[in-house]
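# return atomic coordinates for the entry below.
(one chain, ligands or ions: 1)
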Amino acid sequence: MQRMLFDAEPPIRVERFTRGLLKWIGNKQRIAHEIVAYFPPEFNRYIEPFAGSAAVLGTLAPDRALASDTFRPLIEIWLHVRREPDKVKRWYSSRYHRMIKGDKREEYERVKADYNRSGNPADLLFLCRTCYAGVVRFRQSDGFMSTPCGPHNPMTPDAFASRVDEWHRRISGTDFEVLDFREALARALPGDLVYCDPPYTHSQAILYGAQRFRLRQLLDAIGECKRRGVHVALSIDGVKQSGRKKCHLDIPEGLFEREILIDCGRSMLRRLQMGGQTLEGEVVADRLLLTY
Ligand SMILES: C[S@@+](CC[C@H](N)C(=O)[O-])C[C@H]1O[C@@H](n2cnc3c(N)ncnc32)[C@H](O)[C@@H]1O
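So this is what the prediction gives:
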């Protein structure tokens with residue numbers, strides 16, 4: 001396997017797109033353009049089976065795509081952004097005004113309680129924009145969203161609406177579905193491109209209740225894709241603590257042709273775990289593995 005470090009020039013220059021709609025743990029907003037730079041120049045359908053906040057999809061803005069995730073309220077947000085963007089703007093605006101007029105924390109807790117009762121996408125959308133450090137965290141036992149209110153003021157409804165419009169354009173060719181990754185990968189046809197950004201095995205196991213995710217199963221499904229002529233790119237745990245600790249992963253020999261290390265800067269997750277301190281030296285590199 002050919003190894004490339006992040007100081008090597010990416011093959012294609014891709015415009016950066018940082019106007020994220022959702023905040024999501026492990027989102028690829030900052031490095032999405034670097035990931036896309038390593039995609040093949042041509043492919044049929046783009047498939048993203050661990051969509052989350054869809055940073056790579058949004059940067060790529062493909063003509064034809066399938067984006068999926070097992071988390072239903074999240075996929076419901078994306079379905080609404082695609083089909084009813086004005087409704088999404090109203091979801092945000094009504095909660096924003098209630099929060100600004102009333103007691104900020106009380107209003108946040110009310111939205112959180114509503115979300116935890118009903119699991120509705122409108123509340124989840126608002127929570128992810130207003131929660132502490134943008135870390136939407138779910139209790140493992142019962143899926144309860146537990147993050148407290150963040151200290152910052154949420155973005156204005158006008159600013160949010162302009163992001164909704166931009167995302168609506170960027171995802172206009174994408175179908176969204178609630179699927180396990182195995183089903184999404186099974187749908188990939190020869191000539192398609194799959195980009196996988198699974199829950200990280202070393203740092204995110206608790207955060208999305210990732211106990212249902214098995215890396216081994218993903219690697220098997222990627223092997224199947226490669227055999228039938230589907231290109232696959234996989235983001236996976238890289239090097240942490242400025243290169244002192246390399247995460248060990250059992251990856252079958254010959255599955256990937258290239259490995260690229262992308263510099264992600266300081267880890268948000270570590271920052272939160274350390275009580276909001278910024279830690280010099282907590283630099284994380286993301287590994288991008290390519291079957292082509
Ligand atoms: C690292 S996040 C993806 C982040 C995304 N790239 C972004 O930019 O926001 C991983 C996602 O995988 C989803 N997930 C967890 N287990 C899954 C499974 N078995 N099949 C499909 N999606 C799963 C989680 O809900 C989460 O949204």
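# okay, CA-based contacts and neighbour counts for the rest of this
Noted.
# how about the residues of this structure by the ligand?
Neighbours of the ligand within the chain, by CA under 6 Å from any ligand atom: 24, 26-29, 49-55, 69-71, 180-181, 197-199, 208, 210, 212-213.
# of the residues you listed, grab the buried ones for ChimeraX.
Burial among the residues of the chain next to the ligand is assessed by 16 or more other CA atoms under 10 Å; the matching ChimeraX selection reads:
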select :24,26,27,28,29,49,50,51,52,53,54,55,69,70,71,180,181,197,198,199,208,213
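# which residue ranges form the helices in the stretch 101-250 of the chain?
Remark: helices assigned in the stretch 101-250 of the chain by DSSP state H, counting those that start in this stretch are 104-118, 121-130, 157-170, 181-186, 215-227.
# just put these in a markdown table and tack on distance to P11 and mean pLDDT.
Output for the helices of the stretch 101-250 of the chain, formatted as a markdown table (distance: least, CA to CA, whole Å; pLDDT from 0 to 100):
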| stretch | distance to P11 | mean pLDDT |
| --- | --- | --- |
| helix 104-118 | 43 | 97 |
| helix 121-130 | 34 | 98 |
| helix 157-170 | 23 | 98 |
| helix 181-186 | 26 | 98 |
| helix 215-227 | 22 | 96 |
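# where along this structure do the strands fall?
Assigned by DSSP state E, the chain shows strands spanning 2-4, 46-48, 65-69, 174-178, 193-196, 231-240, 245-246, 258-266, 283-290.
# could I get those in a markdown table, plus columns for mean pLDDT and distance to R137?
Below are the strands of the chain laid out as a markdown table (pLDDT from 0 to 100; distance: least, CA to CA, whole Å):
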| stretch | mean pLDDT | distance to R137 |
| --- | --- | --- |
| strand 2-4 | 67 | 33 |
| strand 46-48 | 98 | 22 |
| strand 65-69 | 98 | 16 |
| strand 174-178 | 98 | 20 |
| strand 193-196 | 98 | 21 |
| strand 231-240 | 82 | 19 |
| strand 245-246 | 58 | 25 |
| strand 258-266 | 80 | 19 |
| strand 283-290 | 82 | 21 |
